[in-house]
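A.B. asks: Task: produce atomic coordinates for the following.
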Amino acid sequence: MTDQTGAFDRIRTAHTIHPSRRSGVAPFIAMDVMSAAARREREGARVIHMEVGEPGASVPAAARDAAMAALAAGRIGYTEALGRPSLRARIARHYAETYNVDVAPERIAVTTGSSAGFLLSFLALFDAGARVAIAAPGYPAYRNILDALGIETVTLETHARTRHVVTAGMIEEAHRLKPLDGVLLMSPANPSGTMMSPQALADICATCDRLGIAFISDEIYHGLTYEEPASTALSFSSSAVVVNSFSKYFCMTGWRVGWLVLPEELVRPVERLQQSLAISVPLLSQVAAEAVFESRAELEAIKEGYARNRAVLMRSLPEIGLGSFHPVDGAFYVYIDVGHLTNDSSDFCQRMLIEAGVAATPGLDFDRERGNRAMRLSFAGSESDVVEAVSRLRAWLK
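C.D. replies: Sure, this is the predicted structure:
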């Protein structure tokens, strides 16, 4: 018996587990930087976090109170796969109030953050081998999720001189060279903070509709604009897929709740996918999300804090030699050209963390070809942290 057991153990030890090819996606560098910053803090260092796009403010009290009341009431179970009807109706009302756009609640799917929204929309729209255009610089998870699903990404390179805006002409040219199945764009954008004008967004919607290209509009930073309000793709196209989340403007990152607005043809496919991939979004998160809509005054006060942080950086960064960036229309990021200081933004940000105690994300997270000369700073934290970060960087860059 002993000999048989030993032989089994040897066979089991000899077997090697090989990760799938689809799991070999690039790392999400901002999250790696956050981990490195956390290690520095555990070692006793004081780190100012400007690496991740996470609001420093807590979720408004109304959302917390609603979740606690639901928890106290007893059983926390599944909801319908597409979300609680009352939350879907409240999101639909949000579009009427904010954009004067009529959206049927039946077209809304509640998702586990925008991340699940991307996964569901990609699976519902594209088969393996499809070609989807995304902007560079852009949000890194787009490419990583598409890569994992076997979908080819087509890069639309943007430039600071044109404010990192993708145009309808760029999409039409890429489609002419080799047909596209989809286009995914964000406005206001991460990492650039650029917002498309209503006309530019209308032109993109019209071009995609005319060419038969699926258009996914990532509107996660809506509500966080500083001069003009953002426009939704739903104002210009009934076939656009809109992705949004309660993470940014609504300060609910850890609650992991977002939503999709879908063309009618995609509602049932997304519902079937959600049933098997997630069953439903956690009930407590949905309850809190519905309540947070009633916290506008609190949320606007938080946004005023971001605006002050933005003003500090717009004024101070040029004074310390970090002035190569374009105006920030929305979101809470500054995307800075640091090519005069380094050709290795990863090393630059690592030294900044260790030597100055300021965590930033290297541009390679957002642009694999040109990001070695750029970095992103998030100003979603407190005003005192932003002021201290500038002071530390001033001393470090001398």
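A.B. asks: correct me, but residue 256 touches residue 113?
C.D. replies: Yes - using CB atoms under 8 Å, residue 256 is in contact with residue 113, at 4.5 Å. All C-beta atoms are positioned from the backbone trio N, CA, C, and that covers glycine.
A.B. asks: Between these two, which has more neighbouring residues?
C.D. replies: Set residue 256 next to residue 113 and count neighbours by other CB atoms under 10 Å: residue 113 wins out with 22 against 18.
A.B. asks: I figured the more buried one hits residue 244, correct?
C.D. replies: No - under the criterion of CB under 8 Å, residue 113 makes no contact with residue 244, lying 10.2 Å away.
A.B. asks: got any residues that touch both of these two?
C.D. replies: The overlap between the contact sets of residue 113 and residue 244 (CB atoms under 8 Å, 6 or more residues apart in numbering) consists of residue 258.
A.B. asks: Any regions of the stretch 1-150 of the chain where pLDDT drops low?
C.D. replies: Scanning the stretch 1-150 of the chain for pLDDT under 70 picks out 1-15.
A.B. asks: Do you have the strands of it handy? List them.
C.D. replies: 48-49, 108-111, 131-136 (DSSP state E, counting those that start in this stretch).
A.B. asks: In a strand, residue 172, correct?
C.D. replies: No - Residue 172 is assigned helix when assessed by DSSP: H, G, I helix; E, B strand; the rest coil, not a strand.
A.B. asks: Was I right to think it contacts residue 207?
C.D. replies: Yes - counting by CB under 8 Å, residue 172 touches residue 207, with 5.8 Å between them.
A.B. asks: isn't residue 63 right next to residue 291, touching?
C.D. replies: Yes - between residue 63 and residue 291 there is a contact under CB under 8 Å: 4.9 Å.
A.B. asks: between these two, who's got more neighbours?
C.D. replies: Using other CB under 10 Å as the criterion, residue 63 and residue 291 rank with residue 63 on top: 27 against 22.
A.B. asks: ok, now how distant is that one from residue 245?
C.D. replies: Distance of residue 63 to residue 245, given as CB to CB, to the nearest Å: 14 Å.
A.B. asks: Likewise for residue 317?
C.D. replies: 28 Å.
A.B. asks: okay, the two: which has more neighbours?
C.D. replies: The residue with more neighbours, out of residue 317 and residue 245, is residue 245; 27 against 19, by other CB under 10 Å.
A.B. asks: Give me the phi and psi angles of the residue lying closest to that one once chain neighbours are set aside.
C.D. replies: Residue nearest to residue 245 in three dimensions, not counting chain neighbours: residue 258, with 3.4 Å by CB to CB, 6 or more residues apart in numbering. For residue 258, the backbone dihedrals are phi -150, psi -160 (criterion: degrees, to the nearest 10).
A.B. asks: dump the residue contacts of residue 258.
C.D. replies: Each residue near residue 258 by CB under 8 Å, 6+ apart is listed here: 110-117, 220, 243-247.
A.B. asks: Look at residue 24 and say how many residues are nearby.
C.D. replies: Around residue 24 there are 9 residues (other CB under 10 Å).
A.B. asks: oh sorry, the question was meant for residue 77
C.D. replies: Neighbours of residue 77 (other CB under 10 Å): 7.
A.B. asks: That one touches residue 283, doesn't it?
C.D. replies: Yes - the pair residue 77 / residue 283 is scored as a contact, 6.6 Å apart, by CB under 8 Å.
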